[in-house]
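1. Generate coordinates for the sequence data below:
(2 chains)
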Amino acid sequence: MNDDLLLKIQTNPKFRELVHKKTGLGWRLTLIMLVIYYGFIVMLAFSPATLGTPLAAGSVTTVGIPVGIFIILSAFCLTGVYVFRANNEFDRLNREIIEESR
Amino acid sequence: MLRTRYLAALGLMPTLALAEGIAGEVKRQPLNIQAIVMFFAFVALTLYITWWAARRTRSASDFYAAGGSITGLQNGLAIAGDYMSAASFLGISAMVFEKGYDGLIYSMGFLVGWPIILFLVAERLRNLGKYTFADVASYRLSQTPVRCFAATGTLVVVAIYLIAQMVGAGKLIQLLFGMQYTTAVVMVGILMVLYVTFGGMLATTWVQIIKAVMLLAGATFMAVMVLYYSGFSVETMFRQATALHPKHLAIMSPGGLVSNPIDAISLGLALMFGTAGLPHILMRFFTVSDARAARKSVFYATGFIGYFYILTFIIGFGAIMLVLNQPGFMETVIKDGKPVTQLIGGSNMAAIHLARAIGGNLFLGFISAVAFATILAVVAGLTLSGASAVSHDLYASVIKKGRANEADEVRVSKLTTLALGVVAIVLGIAFEKQNIAFMVGLAFSIAASANFPILFLSMFWRGLSTRGAVVGGFIGLITAVGLIVIGPTVWVDVLHHKAAIFPYKNPALFSITLCFISTWLISVLDMSKQAAEERARFDGQFVRAMTGIGASGSSKH
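-> This is a model prediction of the structure:
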């Protein structure tokens, strides 16, 4: 990449918008995933009995089961959110940046 | 007659390693004809694919990255196939079978690294690299030292992981097919060399895809049948299982898996960031055409892997319901001088016995063949990534300074594959009687403490200099290895000392931190002209990472 092209892209407001939105979303979702997972680990370490509470009076299923399923599903859903935004919004911005840099 | 020690019950020693490795001696089972027939059908199919792939593999790009021709969905399946090992299928269902809820906790750790890979690593990796993660780490740094470090990191992780898989494979095959250990290890070694040398990445990818589809289909069938037997009510399933299990309701809540917060967090870090530092996983992102496909592949992979862990959870409970204490599935063995009633072949066989309970001998054969196919897919991926580190990073970039001819580079890669095959067979046989259960944990810890921090900083931090990356990376690598050696898993369990010098099973929390701090410190103190130039090249790298302008394209589009 030569310096002219580099400067042209760097000064393109759309590039700044892309960087801002994409890295912002990436870090936000990372943080959500870390909070969910480590929240769970901290709960396991300090209050395991909470997860062992029956879901309803008399049921064998405990609170921990839906919580576990929720964590697995949340990992999938968060990747889905990212892919959806990236496929639509970010890829469009990216295409425009590439076209404008020609 | 049953004086043999069986597979160490995975659930009894809940460390990362044990959910993956198969430890202890195993008893050879009688020949299982259905399983062998199905297994040979699978081998024939994969060899046909290898032959087909060989005719399409000409350039270096074909060999290392399947010419970038793999689609997002295919790559998602292949990643899942690369990641879901036989031991995680048998090991996690065994852990659920023995301890219930704790098995679910374990599988979560293996999953949550994937979203992080997507949000921070996948697209940048695809935009900056060509064949190996060293391409990215050395993008704006000095080629020779950084590639030497990255190749070391790759080869150490690959070698350790490969030994664990080979020993696991030998034991599993003994158990499932009744073949001899040595025969099994030699066969796995020969097959993986054939796939990789002739079919390169294309054959490896398709072996992984087929295995992923077979494993997911088999596991789905088992889970659906388990739910069918419990009237499609999860509550009924849990009720029946808790009534039969010796620990009763205790299997519905967390047990002793996470009693020490430091170890728990350390394990979580190793699983999460180790995944993002495994060279054979990172390499998969170069097989797709662009960043968009790389992103989609993680989405699919996360879905498949998460789905698979939910299935193993149901399978574990199904095994309690349908296999535990049922006639024909239990045996009495002598353990430490006392008679113990256990599942035939140990808890690791829970999923295999369940297959027979719900689908008869034919389905048992299918699941056994799937378990073996799983090992082949994982070792093929590992071997290819080790071979690429030698040929692409060491030979082409370090020795030939980037002026190697493509045909020679691929030839070196194939020779390395052959050498790795021989080494894997020899070490697999040498380690037969060793306790190798800590090895997968070690591989994840090294990947998280050396490969990941350097890869991450090279993409995210302008200030990184060659000196910082190389010294910091090696500090992370050595710390991870050193702390595991003086920790409980090796110092006490393997070397039989009384007490561990380092109290935690998992060093990741300390070694990752140390690697980041030392890399940062050395880079900041690096005032050389070279470091200034490296920082100046960050802008160009960043623009390419974000937009994909200048990224290595796919050759088949």
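
2. OK, now which residue of chain A is nearest to chain B?
-> Closest approach between chain A and chain B, counting by C-beta to the nearest C-beta: A:G52, at 2.6 Å. From N, CA and C alone the C-beta is placed, and that goes for glycine too.

3. Now do the nearest residue to that residue once chain neighbours are set aside: how many residues are near it, please.
-> Distance criterion C-beta to C-beta, 6 or more residues apart in numbering or on different chains; nearest residue to A:G52, sequence neighbours excluded, is B:S253 at 2.6 Å. Residues near B:S253, counting by other C-beta atoms under 10 Å in any protein chain shown, number 20.

4. ok, now which ones touch B:S253?
-> Applying C-beta atoms under 8 Å, 6 or more residues apart in numbering or on different chains, we find B:S253 in contact with A:P48, A:A49, A:L51, A:G52, A:T62, A:G64, B:Y101.

5. Buried by neighbour count, from those: which ones?
-> Buried members of the contacts of B:S253, counted by 16 or more other C-beta atoms under 10 Å in any protein chain shown: A:P48, A:L51, A:G52, A:T62, A:G64, B:Y101.

6. and these, which of them are in helices?
-> A:P48, A:L51, A:G64, B:Y101 (DSSP state H).

7. Quick check: the third one touching B:G255?
-> What that stands for is A:G64. No - in this structure, A:G64 is not within contact of B:G255 by C-beta atoms under 8 Å, at 11.0 Å.

8. what do these two both touch?
-> Residues touching both A:G64 and B:G255 (C-beta under 8 Å, 6+ apart) are B:Y101.

9. Can you find the helix or strand in chain B with the smallest mean pLDDT?
-> Lowest on mean pLDDT, DSSP states H and E among the helices and strands of chain B sits helix B:16-20, with a mean of 39.

10. okay, the residue in the stretch 251-400 of chain B that chain A sits nearest to: pLDDT?
-> In the stretch 251-400 of chain B, no residue comes nearer to chain A than B:S253, which is 2.6 Å away by C-beta to the nearest C-beta. On pLDDT, B:S253 comes in at 88.

11. What does B:V470 show for phi and psi?
-> Note on B:V470: its backbone torsions stand at phi -70, psi -50 [degrees, to the nearest 10].

12. That one contacts B:F149, correct?
-> Yes - using C-beta under 8 Å, B:V470 is in contact with B:F149, at 4.9 Å.

13. give the contact list for the spatially most central residue of chain B.
-> The centroid of chain B falls nearest to B:Y83 when counting by C-alpha atoms, centre = their mean (4.8 Å). Neighbouring residues of B:Y83 by C-beta under 8 Å, 6+ apart: B:F110, B:T275, B:I281, B:A301, B:I305.

14. With pLDDT and distance to chain A added, can I get those residues in CSV?
-> Converted to CSV, the contacts of B:Y83 look like this (pLDDT from 0 to 100; distance: C-beta to the nearest C-beta, whole Å):
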residue, pLDDT, distance to chain A
B:F110, 87, 10
B:T275, 91, 12
B:I281, 94, 15
B:A301, 97, 9
B:I305, 96, 9
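
15. Most neighbours among the residues you listed, which one?
-> B:A301 (30 neighbours).

16. Sketch out the low-pLDDT regions of the chain for me.
-> No chain specified, so I'll use chain A. Applying pLDDT under 70 to chain A flags residues A:1.

17. ah, I was thinking of chain B
-> For chain B, residues meeting the criterion pLDDT under 70 lie at B:1-30, B:256-259, B:436-437, B:553-557.
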